[in-house]
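Chemist: following is a predicted model, sequence given first.
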Amino acid sequence: MRLTMVGTGYVGLVTGTCLANTGNDVVCLDLDAAKIAKLRDGVSPIYEPGLDDLLSRNIEAGRLHFTTDPAEAYDRAEIIFICVGTPSDDRGRADLKYTLGAARDIGDALESRDDHAGEAPIIVVKSTVPVGTNEKVRAAIAGRTSKPFHMASNPEFLKEGAAIGDFNKPDRIVVGTHDERTAERMRHLYAPYVRQGNPILCMDVPSAEMVKYASNAMLATKISFINEIANLTEAYGAEIEQVRRGMCSDSRIGNKFLYPGLGYGGSCFPKDVLACMSMGEDSGVPTELLDAVHNVNQRQRSVFLDKILGHFDGAPSGRTVAVWGIAFKPGTDDVREAPSITIMEALLEAGATVRAYDPVAHETGHEVFGERITYADSSYDALDGADALVICTEWSEFRTPDFGEIKSRLQLPVVFDGRNIFEPDEMRRLGFVYYSVGRRPVG
Ligand code: NAD
């Protein structure tokens, strides 16, 4: 099928590349000329495991194209996926300016394109949007063209860091449409991805829009829940890892997404929880649980910061702090809403010098901090002469380090572990002062 992805970010690029890989002819459109120029050279503007290889193979096969020209992108598309960003506006609502901007562009392009033989195109909203947005998109397109088109909602569930696997083997695919023929065409497109019996769930459009928010809100709730329990555990001298194991062996609870840490970040959970809360505000439906989920998440960063500041008697001025991990989670270079940003900003504000290391997120980190922090060439280089190590992201390469090397490079053997990647008993044996989350401090 001939497909167009509008917006070539984490979702548009991964989705477009994976759809090209099953034989579709895909055009990825973006307003960002620098991004498109890189992609035309076969260089991915984002870090996503496995993407580079898939990208070059599909470009070479002539199935994957990149453009900034809407006329070229929309000319022959049978299905157009809107994958633009939906960030929070200054009141926490999903800002639909990119979504509706793309809709108007699509309307203009449909109006001026030659009528091709075949069925009217399907416009698919893949961006995460509040209930009612598909209807706004339909109206925006219809305001610009009298040509026929169909609409579908198809929220995306991929996770950064595992996006290709998630897209190729999704737990489920959700399609919202009021029209059986559109559902049939979407089922045909996705058939290669559901060969193992994972379902394509067709439903009405508002429900499809809501599924995505409900799913992200649930996952965010699990994270805030375990963080709140971790704080209680710590206050009463219990150990969260033991509590977690005891709790998670109950099959009704399960063990996924119940790891204490610095709280959730990234480009989805924070904004999607806020957008859900706004939907409640707009409809007069209280969202007390989500309000608490959000507040607990924000507080979790200060709970951890208080440990760092407390260790330095509230005055880390003149100290050097090494930070491992800038990305909001392992496997990505995305730093949007990363807890590391809150931690490093607060340390800088308090007068500390910050030396950071991340396996892939120096460029994106630089977009936030510029030269206000330094970027070390390796995890060990970040430690030289530092007064403490702070772990913000649980990259695999941090999990079994050479502790002797850490100790010899640090001025003082102090570790603040925001992801509980080390064992307190081992840290005690090795002579570290060690703070983590929901566990008794060591040293
Ligand atoms: P992103 O910010 O990485 O990319 C969006 C891209 O859209 C940008 O490159 C921007 O230049 C481009 N754009 C904006 N307006 C455009 C227009 N009119 N025409 C062409 N291009 C345009 O965003 P993302 O992280 O890929 O997220 C996109 C959507 O998918 C959001 O709604 C997000 O909530 C949702 N989502 C994201 C993830 C994720 O892990 N990132 C997962 C599932 C769903």
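Modeler: Sure, I can see it. This structure is a prediction, so every number in the text was calculated from the model and none was measured.

Chemist: quick one: low-confidence parts of the stretch 301-443 of the chain?
Modeler: Applying pLDDT under 70 to the stretch 301-443 of the chain picks out no residues at all.

Chemist: ok so Arg419 is a helix residue?
Modeler: No - the assignment for Arg419, made by DSSP: H, G, I helix; E, B strand; the rest coil, is coil rather than a helix.

Chemist: tally of neighbours for it?
Modeler: By other C-beta atoms under 10 Å, 23 other residues sit near Arg419. C-betas here are computed from N, CA, C, even on glycine.

Chemist: contacting residues around it?
Modeler: Counting by C-beta atoms under 8 Å, 6 or more residues apart in numbering, Arg419 touches 259, 261-262, 325, 391-394, 437.

Chemist: take those residues and keep only those in strands.
Modeler: Ile391 (DSSP state E).

Chemist: isn't Thr22 right up against Pro192?
Modeler: Yes - at 4.5 Å, Thr22 counts as touching Pro192 under the criterion of C-beta atoms under 8 Å.

Chemist: now do the SS call for the closest residue to Thr374 other than its chain neighbours.
Modeler: Spatially, and ignoring its direct neighbours in sequence, Thr374 is nearest to Arg355 (4.8 Å; C-beta to C-beta, 6 or more residues apart in numbering). At Arg355 the chain is in strand, as set by three-state DSSP.

Chemist: quick check, the residue in the stretch 301-443 of the chain closest to the ligand?
Modeler: The stretch 301-443 of the chain approaches the ligand most closely through Asp334 (6.9 Å), counting by C-beta to the nearest ligand atom.

Chemist: and that residue, how far is that from Val368?
Modeler: From Asp334 over to Val368 the distance is 11 Å, taken as C-beta to C-beta, to the nearest Å.

Chemist: neighbour count: those two, which is higher?
Modeler: Each of Asp334 and Val368 has its neighbours counted (other C-beta under 10 Å); Asp334 has more, 25 against 17.

Chemist: nearest spatial neighbour of Asn297, skipping sequence neighbours?
Modeler: Nearest non-adjacent residue to Asn297, counting by C-beta to C-beta, 6+ apart: Gly263, 4.2 Å away.

Chemist: tell me the contacts of the residue in the chain that the ligand sits nearest to?
Modeler: Scanning the chain for the residue nearest the ligand gives Gly9, at 1.9 Å (criterion: C-beta to the nearest ligand atom). By C-beta under 8 Å, 6+ apart, the contact list for Gly9 reads 30, 46, 83-85.

Chemist: cool, Pro130 as well?
Modeler: By C-beta under 8 Å, 6+ apart, the residues touching Pro130 are 93-94, 209, 213, 275, 278-279.

Chemist: in helices only, show me those.
Modeler: Using DSSP state H, the subset of the contacts of Pro130 located in helices is 209, 213, 275, 278-279.

Chemist: buried ones from the contacts of Pro130, can you make that a ChimeraX selection?
Modeler: ChimeraX command restricting these to the buried ones, with burial defined by 16 or more other C-beta atoms under 10 Å:
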select :93,94,209,213,275,278,279
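
Chemist: would you turn the contacts of Pro130 into JSON lines with distance to the ligand?
Modeler: Shown next, in JSON lines, are the contacts of Pro130 (distance: C-beta to the nearest ligand atom, whole Å):
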{"residue": "Arg93", "distance to the ligand": "13"}
{"residue": "Ala94", "distance to the ligand": "8"}
{"residue": "Glu209", "distance to the ligand": "11"}
{"residue": "Tyr213", "distance to the ligand": "10"}
{"residue": "Ala275", "distance to the ligand": "9"}
{"residue": "Ser278", "distance to the ligand": "14"}
{"residue": "Met279", "distance to the ligand": "15"}
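
Chemist: so what's Leu412 closest to, chain neighbours aside?
Modeler: Spatial nearest neighbour of Leu412, excluding adjacent residues (C-beta to C-beta, 6+ apart): Asp387 at 5.4 Å.

Chemist: where do the strands sit along the stretch 201-350 of the chain?
Modeler: Ranges of strands in the stretch 201-350 of the chain, per DSSP state E, counting those that start in this stretch, are 320-324.
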